[in-house]
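Asker: Got a predicted structure here, sequence first:
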Amino acid sequence: MSRTSQARTLYTTIASPVGELLLTGDGESLQGLYFHEDLRRTWIDREWTRSDRPFGDAREQLGEFFAGEREAFDLALDPAGSGFQRGVWAALSEVPYGQTISYGELARRVGDGVSPRAVGRANATNPIAIVVPCHRVIGADGSLTGYAGGLERKRSLLELEGALLALAGAVD
């Protein structure tokens with residue numbers, strides 16, 4: 001479902017091992033998943049409506065993910081972004097659980113002539129953290145690079161997936 005100017009935004013918050021999460025959507029699709037401290041956006045807009053019910057599947061799947069019982073999400077997503085951004089986020093969604101990718105490799109997967117910096121900017125504006133796994137993008141040298149939720153959260157998510165162990169073996 002595409003957003004219209006008449007669409008109302010619904011939200012809920014959930015506790016997680018990486019802190020409180022804000023989920024936003026339209027009742028049919030998840031449109032945002034933000035960390036409480038994510039400074040890119042206002043925490044809760046006064047025009048939004050709190051509603052827990054539409055986020056039941058997301059709550060359940062996130063719980064399974066954090067319990068180590070889910071590696072892929074099966075949710076309707078409708079992130080706001082340009083065609084290019086959506087393409088980058090789609091490519092991000094194809095990075096398997098427990099694996100990482102460099103900005104350069106992600107740029108190559110997105111298309112010929114796409115710069116790693118452009119991919120990095122799109123990655124930084126990903127509105128659906130964790131589900132669209134921007135935490136899996138690392139520097140070309142294997143280093144953990146910027147993350148809207150902070151590097152400690154990125155490290156925690158990669159540890160949960162076993163990706164740091166794999167990364168340490170690849171870098172050594």
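Answerer: In hand now; what should we look at? Numbers count the residues shown, from 1 in each chain.
Asker: residue nearest the centroid of this structure?
Answerer: Nearest to the mean C-alpha position of the chain, by C-alpha atoms, centre = their mean, lies Ala129 at 2.2 Å.
Asker: quick one: the residue lying closest to that residue once chain neighbours are set aside and Arg109, what's the gap?
Answerer: Spatial nearest neighbour of Ala129, chain neighbours left out: Leu33 (5.1 Å); criterion: C-beta to C-beta, 6 or more residues apart in numbering. Backbone N, C-alpha and C define where each C-beta goes, glycine included. Separation of Leu33 from Arg109 (C-beta to C-beta, to the nearest Å): 23 Å.
Asker: How about His36?
Answerer: 31 Å.
Asker: between these two, which one's more packed in?
Answerer: Arg109 (17 against 13; other C-beta atoms under 10 Å).
Asker: per-residue confidence for Gly169?
Answerer: What the model reports as pLDDT for Gly169 is 46.
Asker: Which secondary structure elements does the helix or strand where Asn123 lies sit against?
Answerer: Counting by DSSP states H and E, the element that carries Asn123 is helix 116-124. Secondary-structure packing of helix 116-124 (3 or more C-beta pairs under 8 Å, 6 or more residues apart in numbering; DSSP states H and E): helix 83-93, helix 103-110.
Asker: Mean pLDDT and distance to Cys134 for those - can I get that in JSON lines?
Answerer: JSON lines is the format used below for these (pLDDT from 0 to 100; distance: least, C-beta to C-beta, whole Å):
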{"stretch": "helix 83-93", "mean pLDDT": "96", "distance to Cys134": "6"}
{"stretch": "helix 103-110", "mean pLDDT": "94", "distance to Cys134": "10"}
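Asker: of all the ones you listed, which lies closest to Tyr11?
Answerer: Smallest distance to Tyr11 across the helices and strands packed on helix 116-124 (C-beta to C-beta): 20.3 Å, for helix 83-93.
Asker: Show me which parts of the closest one are buried, residue by residue.
Answerer: By 16 or more other C-beta atoms under 10 Å, the buried positions in helix 83-93 come out as Gln85, Gly87, Val88, Trp89, Ala91, Leu92.
Asker: can I assume the fourth one is in contact with Asn126?
Answerer: Yes - taking contacts as C-beta atoms under 8 Å, Trp89 lies within contact range of Asn126: 5.7 Å.
Asker: just to revisit the earlier point, just put the helices and strands packed on helix 116-124 in TSV and tack on distance to Arg8.
Answerer: TSV is the format used below for those (distance: least, C-beta to C-beta, whole Å):
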stretch	distance to Arg8
helix 83-93	22
helix 103-110	33
